[in-house]
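Q: Fold the following, please.
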Amino acid sequence: MTATTTRRSSFYYEALGIALQSILAHKLRALLTLTGIIIGVASVVIVGAAISGMNSYVVQRVAKVLGINHFMVARMAHSGELTEEEWQRMDRRNKRLEWDEYDAVRRRCPSCEEVGAQVNTRLDLRRGREEVLGVQIAGVTANMDRIEDKTIEDGRFLLPHEVDRAVPVCVLGMDVRERLFPLGDAIGRTLRVAGAELRVVGVEARRGSMFGQSLDNHVYLPITTFGRLFGRHQSLQVHGLGASPESFPLAIDEARVAMRVHHKLRGAEEDDFGLVNVDEVNQGVDQFTGAIAMVVTPITLISLVVGGIVVMNIMLVTVNERTFEIGLRKAIGARRREIMLQFLIESALLCALGGVLGLLLAAAVSGAVRAASGIPMVITIGYVVLALVVSSLVGILAGLYPASRAAKLDPVVALTRS
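A: Residues are numbered from 1 along each chain as shown. Sure, this is the predicted structure:
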């Protein structure tokens with residue numbers, strides 16, 4: 001190690017020690033100065049945690065509704081936003097899906113592990129004095145539990161022969177089970193739907209809610225039984241499950257081609273059906289939360305700039321208080337560069353300390369929000385790094401003018417100000 005390197009290392013070590021002594025000598029002033037930095041860093045990290053938590057929450061809810069590697073073909077389905085004109089055009093163009101479409105996709109999608117069908121309506125259900133409003137009645141094929149990755153808490157899901165023979169059985173969502181069968185096991189008991197007595201064979205595990213809407217207010221019954229009760233005039237939804245994440249895009253392409261061939265669409269003709277897959281929904285969620293982050297994060301960073309102005313003001317006060325010290329150091333050979341670095345180090349250390357305290361505050365607030373409300377708050381390394389880097393830059397920039405002013409002091413004049 002050369003003499004120059006040793007001297008430089010000694011200078012930085014000494015400068016850091018002086019900066020710490022200065023901060024500890026004025027603890028209350030330092031804490032008040034750091035308030036803006038602490039709040040700024042905490043705001044950035046908390047906002048980032050809320051945005052990341054919302055993204056995670058929606059993706060998890062989507063997975064609960066749609067499963068993984070799952071796509072759906074329906075008459076009206078779209079993963080993004082549509083204008084009213086686009087929706088009306090789709091409504092005029094798209095055809096109702098029948099059993100033929102389900103058979104076409106099932107035959108012509110070799111990359112699909114499962115292909116199923118579903119049709120929905122809503123009813124108010126009553127049992128004795130109990131009533132559940134707006135229950136989703138879903139007629140499904142027997143493989144929909146695998147396609148949508150359903151978890152059955154009690155009993156079982158529908159069986160293939162029950163679908164083939166239109167057996168009057170059903171599987172309940174947890175809300176329906178708790179409201180209509182509050183005093184005991186629902187398995188083996190009957191529920192009247194559209195005038196027919198259906199035997200309960202299973203209860204799905206609770207899935208929770210999404211944007212305030214319950215995901216447990218439903219009843220599954222064989223799609224053939226649904227046809228007998230409600231007729232076959234409703235348009236089907238065709239659901240597919242990719243065998244693996246790698247083959248999932250191919251499965252979607254095969255399903256689209258199967259539908260286009262069945263509908264005799266050629267060349268550049270638009271699809272006359274809707275197709276949605278989980279990946280597109282998740283990408284849409286990522287884009288939505290990313291747009292929120294681009295708008296909100298710069299606003300929260302403004303508080304760091306305000307904190308930097310406070311730091312600059314305190315550093316100017318510090319320079320005035322230590323004028324004699326600066327003059328003495330320059331008189332014994334300290335260079336302007338070293339004086340300037342001394343105050344820059346002190347300013348950066350102040351803001352770095354504020355950044356650490358801001359992170360601790362953000363962790364405490366995020367934990368409290370998560371515990372009190374159940375809202376997911378996910379602190380990500382990206383927002384932590386962003387907050388710390390910006391706070392450090394603010395510290396350096398806030399210290400530039402005071403440090404420059406200190407470095408330009410005339411040692412003779414400075415020594416006379418003792």
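Q: Next one: residue 204 from residue 112, what distance?
A: Look at residue 204 and residue 112: by Cβ to Cβ, to the nearest Å, they are 23 Å apart. (C-beta placed from N, C-alpha, C; glycine too.)
Q: try residue 165
A: From residue 165 to residue 112 the distance is 25 Å (Cβ to Cβ).
Q: The two: which has the busier surroundings?
A: Higher neighbour count among residue 165 and residue 112: residue 112, with 26 against 12, using other Cβ atoms under 10 Å.
Q: residue ranges for the strands of this protein, please.
A: 70-74, 112-127, 130-140, 152-155, 169-172, 190-193, 196-204, 209-210, 213-214, 218-222, 237-242, 274-277 (DSSP state E).
Q: could you dump these to JSON lines with distance to residue 251?
A: Shown next, in JSON lines, are the strands of the chain (distance: least, Cβ to Cβ, whole Å):
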{"stretch": "strand 70-74", "distance to residue 251": "7"}
{"stretch": "strand 112-127", "distance to residue 251": "5"}
{"stretch": "strand 130-140", "distance to residue 251": "20"}
{"stretch": "strand 152-155", "distance to residue 251": "25"}
{"stretch": "strand 169-172", "distance to residue 251": "26"}
{"stretch": "strand 190-193", "distance to residue 251": "33"}
{"stretch": "strand 196-204", "distance to residue 251": "25"}
{"stretch": "strand 209-210", "distance to residue 251": "25"}
{"stretch": "strand 213-214", "distance to residue 251": "29"}
{"stretch": "strand 218-222", "distance to residue 251": "24"}
{"stretch": "strand 237-242", "distance to residue 251": "4"}
{"stretch": "strand 274-277", "distance to residue 251": "9"}
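Q: Quick one: closest of those to residue 43.
A: strand 209-210 (27.7 Å; Cβ to Cβ).
Q: average pLDDT for the closest one?
A: Averaged across strand 209-210, the pLDDT comes to 70.
Q: Any idea which helix or strand in this structure has the lowest mean pLDDT?
A: Within the chain, confidence by mean pLDDT, DSSP states H and E is lowest for helix 411-415 among all helices and strands, at a mean of 54.
Q: Could you check how far the nearest residue to residue 230 once chain neighbours are set aside is from residue 294?
A: Leaving aside its sequence neighbours, residue 230 sits nearest to residue 121 (Cβ to Cβ, 6 or more residues apart in numbering; 5.9 Å). Distance of residue 121 to residue 294, computed by Cβ to Cβ: 41 Å.
Q: Residue 346 too?
A: From residue 346 to residue 294 the distance is 34 Å (Cβ to Cβ).
Q: Which one of the two is surrounded by more residues?
A: For residue 346 and residue 294, the more surrounded residue by other Cβ under 10 Å is residue 346, and the numbers stand at 25 against 9.
Q: how much space between the more buried one and residue 38?
A: Applying Cβ to Cβ, the value for residue 346 to residue 38 is 18 Å.
Q: got it, and residue 235?
A: Distance from residue 235 to residue 38, by Cβ to Cβ: 57 Å.
Q: higher neighbour count, the two?
A: Taking other Cβ under 10 Å, residue 235 and residue 38 do not tie; residue 38 has more neighbours (24 against 16).
Q: Disregarding flanking residues, what is the spatial nearest neighbour of that one?
A: Using Cβ to Cβ, 6+ apart, the closest residue to residue 38 is residue 358 (4.4 Å).
Q: my read: that neighbour touches residue 35, true?
A: No: the criterion here is Cβ atoms under 8 Å, and residue 358 misses it with residue 35 at 9.9 Å.
Q: which residue ranges form the helices in the stretch 301-418 of the chain?
A: 323-331, 336-373, 381-407, 411-415 (DSSP state H, counting those that start in this stretch).
Q: just to revisit the earlier point, list the contacts of the residue nearest to residue 230.
A: 136, 137, 230, 234 (Cβ atoms under 8 Å, 6 or more residues apart in numbering).
Q: Any chance of a markdown table for those residues, columns neighbour count and pLDDT?
A: Below are the contacts of residue 121 laid out as a markdown table (neighbours: other Cβ atoms under 10 Å; pLDDT from 0 to 100):
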| residue | neighbour count | pLDDT |
| --- | --- | --- |
| 136 | 17 | 92 |
| 137 | 20 | 93 |
| 230 | 17 | 88 |
| 234 | 16 | 78 |
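Q: ok, so of these, who is nearest residue 382?
A: Among those, and counting by Cβ to Cβ, the member closest to residue 382 is residue 136, at 38.5 Å.
Q: ok, now how distant is the closest one from residue 307?
A: Computed with Cβ to Cβ, the distance linking residue 136 and residue 307 is 51 Å.
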